[in-house]
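Undergrad: Based on what follows, work out the 3D shape:
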Amino acid sequence: MDLLGYGAFFLTTALIFSLVTLGLNLQWGLTGLFNVGLAGFVAIGAYTSALLTTPDDAVRLGGFGLPILVGWLGAMVVGGIAAALTGMATLRLRSDYLAITTFGVAVVVQLVALNAQKLTGGPFGIGFIPRPFGSLAETPLLFNLSNLAVVSVVTLIAYLALEHLSRSPWGRVLKALREDERAAISLGKSARFYRVQAFAVGGAIMALAGALQAHFTGFIAPDNYLPILTFQVWVMLIVGGSGSNLGAVIGSVLVWAIWAGSGT
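TA: All right, here's what the predicted structure looks like:
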């Protein structure tokens, strides 16, 4: 692969990380929800899209052969629902207990992916996931540039949508709940209602990132969603600056550059 092709590959991966970081920034930077189980929501998105779009397979369930776009939308819906259910069950907890609970959710998802072989392929994962512009796979430069264009558009849409939401009345309520929950509640705002919404939207964005990565690589396995993924994304958010969507994107690119350059 030439330098330009590798650059496109690098930026595609970095922008997929940016999507996860944007979802985390909504949950933590805007709302103050301490989610250390984000790897689980990324995995949910990846497996949902893979099961919806792969060809029929006699070895496991799923394999509906649906279009890739349907897989991405399905990943967002399932990821958002999973995050909403997690939020409804846990958001009354203190931040430290919330962290423990969300980490537990991620562990459960990873164990299901590892052991539910009839559904997820178990430790062998799911292969032959349809790839956008798969016909260009034998020309790495064109393939990587085409995927970079798609991921760039998706990331830009997510970024602009989150910027709009953060400046909307909904976003201002989330900021008020983060800064002074009692004052916001005294004004008639339901803390639990708004926080569940923020957690669900963030989870849907993380799931979309997982789906994009699954189709970009064409293969997923449980080892892709270990706790180190959560650590990486938190570092990206901290480096870029919590509370800033632009910082989330810049931090993701910078940290991924260091991570990839170090060979880890």
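Undergrad: quick one: the strands in the stretch 1-150 of the chain?
TA: Using DSSP state E, counting those that start in this stretch, the strands of the stretch 1-150 of the chain do not appear at all; there are none.
Undergrad: where are the low-confidence patches of it?
TA: Scanning the stretch 1-150 of the chain for pLDDT under 70 picks out 1, 58, 94.
Undergrad: can you give me the helices in it?
TA: With DSSP state H, counting those that start in this stretch applied, the stretch 1-150 of the chain shows helices at 3-24, 38-53, 68-90, 95-115, 117-120, 140-167, listed in chain order.
Undergrad: Quickly compare those helices and say which is most buried.
TA: For those, the stretch with the most neighbours on average is helix 38-53, a mean of 29; neighbours defined as mean count of other Cβ atoms under 10 Å. In short, each C-beta sits where N, CA and C put it, glycine included.
Undergrad: quick one: the residue of the chain most remote from its centre and Val239, what's the gap?
TA: Largest separation from the mean C-alpha position in the chain: Ser186, at 33.6 Å (Cα atoms, centre = their mean). Here Ser186 is placed at a distance of 36 Å from Val239 (Cβ to Cβ, to the nearest Å).
Undergrad: how about the helices in the stretch 151-264 of the chain?
TA: 169-179, 181-186, 191-217, 227-240, 245-262.
Undergrad: among those helices, which is nearest Val112?
TA: Shortest distance between Val112 and the helices of the stretch 151-264 of the chain, using Cβ to Cβ, is found for helix 191-217: 14.4 Å.
Undergrad: where does the stretch 151-264 of the chain have low pLDDT?
TA: Across the stretch 151-264 of the chain, the stretches falling below the confidence threshold (pLDDT under 70) are 263-264.
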